[in-house]
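> turn this into a model:
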Amino acid sequence: MTARMDKRFRDVAAEGRPVLVTYFMGGDPEFDTSVEIMRTLAHAGADIIELGMPFSDPMADGPAIQLAGQRALKAGQTLARTLDMAREFRKTDAETPIVMMGYYNPIYIYGVDRFVTDALEAGIDGLIVVDLPPEMDDELCIPAIAKGLNFIRLATPTTDDKRLPTVLKNTSGFVYYVSMNGITGSALPDPSRIGEAVARIKRHTPLPVCVGFGVKTAEHARAIGASADGVVVGTAIVNQIASSLTAEGQATEATVPGVEALVRGLASGVRASRLAAAE
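Just a heads-up that it's a prediction; the model follows:
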């Protein structure tokens, strides 16, 4: 499965641009609409899809993603159904890499060996588990890598040169640079500082570095993509979904088209980012 991720980075690099990584919460606002959103992300220009695993205690997430998880759980979303979403997506898209993102508790309850097996069967390419530090690699990271899943690690502004080798030791696929400290959905950081941070991380690893947190518009994507191998957008997409729902949290005719319009704009920004780097 790692081959699909590697191929996507190679193909996009050959186009002279960074990848666009889009996050959404699996099962928000309910299963069928969420599958349609997932397909729309790819059609609208997402190169890699981060599929959120809803969890009742998402400590690193801001209010928007917390509420998305609550909507998904209320609609009956489980880890098994999130894997089912990937299976549905794979019926029509065998090329777009899927990274499951979330917390360890649901995976632990599901069973690590069973989860890794089922994730591979469902067409998952990688995992981001935000509450498993490198010191706990034996829990999930090592078993996942052994079976062929990428294990993508987060680096932050406080991850110094002494800590980076530990963080990167078993990282594969790409490095996700969280461009600020705090919860998801925060303000956009200084693009020049991001360039410095990406360069520092690249001194420690040959892996692509994708940057997220705070990217909301095509202009943000253009600015961040000028110095990164990828741009990650999550809260803006989750907010777009939320803004289209009824008072009861149900999808409307505007839900999927709204996501499509937003992601097409973000994709245009990413595709213009190398022009920004040359200016």
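
> please, which helix or strand holds Arg201?
Actually, residue 201 is Ile rather than Arg. Secondary structure assigned from DSSP states H and E places Ile201 in helix 191-202.

> name all residues that make contact with Gly212.
Residues near Gly212 by CB atoms under 8 Å, 6 or more residues apart in numbering: Val21, Tyr23, Tyr176, Tyr177, Val178, Ser179, Val231, Val232, Val233, Gly234. C-betas here are computed from N, CA, C, even on glycine.

> buried ones among those?
Val21, Tyr23, Tyr176, Tyr177, Val178, Ser179, Val231, Val232, Val233, Gly234 (16 or more other CB atoms under 10 Å).

> and Lys7, what pLDDT?
What the model reports as pLDDT for Lys7 is 96.

> ramachandran angles for the residue nearest the centre of the chain?
With distances taken as CA atoms, centre = their mean, Glu50 lies nearest the centre of the chain, 3.3 Å away. Phi and psi for Glu50, reported as degrees, to the nearest 10, are phi -100, psi 120.

> identify the bridge partners of it.
Tyr23, Val99 (DSSP bridges).

> list the contacts of it.
Contacts here follow CB under 8 Å, 6+ apart; on that basis Glu50 touches Val21, Thr22, Tyr23, Phe24, Val99, Met100, Met101, Ile128, Val232, Gly234.

> my guess is the fourth one meets Ser34, correct?
In other words, Phe24. Yes - if you go by CB atoms under 8 Å, Phe24 and Ser34 touch, sitting 7.4 Å apart.

> compute the first-to-last residue distance for stretch 48-56.
25 Å (CA to CA, to the nearest Å).

> can you list phi and psi of the residue lying closest to Val215 once chain neighbours are set aside for me?
Distances taken as CB to CB, 6 or more residues apart in numbering place Val233 nearest to Val215, at 4.8 Å, with adjacent residues excluded. Per-residue torsions, Val233: phi -130, psi 130 (degrees, to the nearest 10).

> any idea how far Thr40 is from Val233?
Distance, Val233 to Thr40, using CB to CB, to the nearest Å: 14 Å.

> other SSEs contacting the longest helix along the chain?
Identified as the longest helix of the chain according to DSSP state H is helix 255-271. With contacts taken as 3 or more CB pairs under 8 Å, 6 or more residues apart in numbering; DSSP states H and E, helix 255-271 sits against strand 19-25, helix 31-44, helix 218-225, strand 230-233, helix 235-243.

> buried residues in it?
Residues of helix 255-271 classed as buried: 255-256, 258-260, 262-267, 269-271 (neighbour count, 16+ other CB under 10 Å).

> could you check how far it is from the centre of its chain?
16 Å (CA atoms, centre = their mean, to the nearest Å).

> now do that helix: everything it contacts.
17-20, 22, 24, 29, 33, 36-37, 40-41, 43-46, 215, 217-222, 225, 231, 233, 236-237, 240-241, 243-245.

> buried subset of those residues, written for ChimeraX?
Selecting only the buried entries of those in ChimeraX, with 16+ other CB under 10 Å as the criterion:
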select :17,18,19,20,22,24,29,33,37,40,41,44,45,46,215,218,220,221,222,225,231,233,236,237,240,241,244,245
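
> please report how far the nearest residue to Lys74 once chain neighbours are set aside lies from Thr78.
Sequence neighbours aside, Gly249 is the residue nearest to Lys74 in space, at 7.4 Å (criterion: CB to CB, 6+ apart). Gly249 sits at a distance of 18 Å from Thr78 (criterion: CB to CB).

> ok, Glu36 next?
Taking CB to CB, one finds Glu36 at 19 Å from Thr78.

> contacting residues for Val35?
The contact partners of Val35, by CB under 8 Å, 6+ apart, come to Met85, Glu88, Phe89.
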